[in-house]
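Colleague: What follows is a protein structure lacking sequence information:
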């Protein structure tokens with residue numbers, strides 16, 4: 001299925017993200033920091049023809 005949306009020059013992805021890892025004994029969320037491991041590749045199929053991608057810092061670099 002083609003990806004027909006663009007990032008339109010969003011800020012760079014963070015190197016780490018904070019996620020929930022269960023609950024504390026007093027019922028609060030337990031948060032941990034983990035490395036960001038999702039793909040940073042630009043997967044937008046129309047990146048070479050979409051006018052909003054013309055000056056995108058992620059186009060042609062292979063990162064999103």
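Modeller: The structure has been received and is ready for your questions. Computed from a prediction, not measured in an experiment: that's the story for all the values here.
Colleague: So the most centrally placed residue in the chain, which state does it fall into?
Modeller: The centre of the chain sits closest to residue 13, judged by C-alpha atoms, centre = their mean, with a distance of 5.3 Å. Here residue 13 is coil, with the state taken from DSSP: H, G, I helix; E, B strand; the rest coil.
Colleague: same question, residue 17
Modeller: Residue 17 is classified as strand under three-state DSSP.
Colleague: Tell me what it is bridged to.
Modeller: Using DSSP bridges, the beta-bridge partners of residue 17 come out as residue 34.
Colleague: my guess is the residue nearest to the centre of the chain contacts residue 40, does it?
Modeller: Yes - assessed by C-beta atoms under 8 Å, residue 13 is found in contact with residue 40 at 5.7 Å. C-beta coordinates here come from the backbone N, C-alpha and C atoms, glycine included.
Colleague: ok, back up a step: how close does the residue nearest to the centre of the chain get to residue 25?
Modeller: Relative to residue 25, residue 13 is positioned 33 Å away (C-beta to C-beta, to the nearest Å).
Colleague: now do residue 48
Modeller: 53 Å.
Colleague: pLDDT weak spots in the chain?
Modeller: Along the chain, the model assigns pLDDT under 70 to residues 1-6, 59-64.
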